[in-house]
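> Sequence first, predicted model second:
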Amino acid sequence: MFGFFKRDKNKIAKEGDDHTVDSMELLGEQSESTGKEVKTSLHFPPAANISQEEKYYYQFLNNELPLLLENQISLSGIEVHSEDGRVSVKAFIRNSLPKGIRFKEPVPLLLIGPNGEQLARQTFDLSTLGELPAESSVPWVFIFEDRNVRVKEIPQTDWKLAFELQKPKAPHALDLEESWEKSLADTDKEKLAQLVKTIQPPKPGEVNFMGIQSRLDDDGALHVTLLIRNGSEKNVNLEQLPLNVEDASGDIIAKGGFKFEKLEIKANTSKPWTFIFPKELVLKEDIDLSKWKAYVPQS
């Protein structure tokens, strides 16, 4: 994407600001650090076809760039150009690691205005860059499609091209329904919270069930308490749920369907819930609850 638009030859200074991140944050790449500062040397993409005059221009800009600390990756804005709703941003991609790096995963980038406002956002496949050499600055053009541009006018100065770093995912947590919050003793709440904290969380996007407790009451009804575990980034609302329960022998000892007015399992949380099978839904007399499981039957 280099050279998509030609520079104004009257401009001899870069117009954008810099955004610098630790390589571990962005790529999981890290080398031993001595705390030294790094002056990145200019490299051009292999397919770049530019004049000697242009090379002198980029060398001049590169010489003006601030030093980086070891193990950093930086975007240094050069110039921006708008046409037909699309915005093209020319910037140096800088690597201060003592080794070459590659962008193996798509990278979300933000174009940020002088007051911190978001002008555009788009995910870019930077694998086409190939290897970014050790301690190098490589000029590149990022083209934001019109659907990803949020403003009509793009400022020509004091803007910044920035990496959008993913926020660390919060630990999987316990979420109690209000009725449970009021009725459970603090020690029981703590035990549940500790259980949720110590067991392996569900896979991303997965919703599953984990048995906590089962018992038969004096009337012969089966009470089964489950953790409903939501591994997705969205809240899940259950309206109805069919359940089968098996005992230690592997026999199905209860079948039932449960309906809810509203049972919400918040994103990345586990919620305990007790399901009661009346005696008429219990299918076996001599039940061995030393080992059991509850699951949604296959339709």
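Done, it's in.
> Need the per-residue pLDDT for K6.
Per-residue pLDDT puts K6 at 59.
> all numbers from here: first residue = 314
With the count now opening at 314, the last piece we talked about shows up as K319.
> Neighbours of N461, how many?
Using other Cβ atoms under 10 Å, N461 has 17 neighbouring residues. The C-beta positions use only the backbone N, C-alpha and C, and glycine is treated the same way.
> Hmm, I typed the wrong one, I wanted R415.
Neighbour tally, R415, other Cβ under 10 Å: 13.
> do E491 as well
Using other Cβ under 10 Å, E491 has 7 other residues around it.
> For it, give its distance to L497.
Look at E491 and L497: by Cβ to Cβ, to the nearest Å, they are 11 Å apart.
> now H536
Taken as Cβ to Cβ, the span from H536 to L497 is 15 Å.
> Doesn't K510 lie inside a helix?
Yes: using DSSP: H, G, I helix; E, B strand; the rest coil, the secondary structure at K510 is a helix.
> per-residue confidence for the closest residue to it other than its chain neighbours?
Nearest residue to K510, sequence neighbours excluded (Cβ to Cβ, 6 or more residues apart in numbering): P484, at 7.0 Å. pLDDT, P484: 90.
> what does the one 5 residues further on give?
Listed pLDDT for L489 reads 96.
> and it, which of the three is it?
L489 ends up coil, using three-state DSSP.
> ok, it - contacts?
Taking Cβ atoms under 8 Å, 6 or more residues apart in numbering, we find L489 in contact with 497, 502, 505, 584-585.
> quick one, helices of this protein?
All helices of the chain, identified by DSSP state H, fall at 336-340, 365-377, 491-496, 499-511.
> Tell me the buried residues in the third one?
Taking 16 or more other Cβ atoms under 10 Å as the basis for neighbour counts, the residues of helix 491-496 that come out buried are W493.
> got the CA coordinates for it in CSV?
Extracted in CSV, the C-alpha atoms of helix 491-496 (Å, rounded to 0.1, in the frame of the first residue of the first chain):
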residue,chain,number,x,y,z
GLU,A,491,-31.1,-11.0,44.0
SER,A,492,-33.0,-13.7,45.8
TRP,A,493,-29.8,-15.7,46.3
GLU,A,494,-28.0,-12.6,47.4
LYS,A,495,-30.5,-12.0,50.2
SER,A,496,-30.9,-15.6,51.3
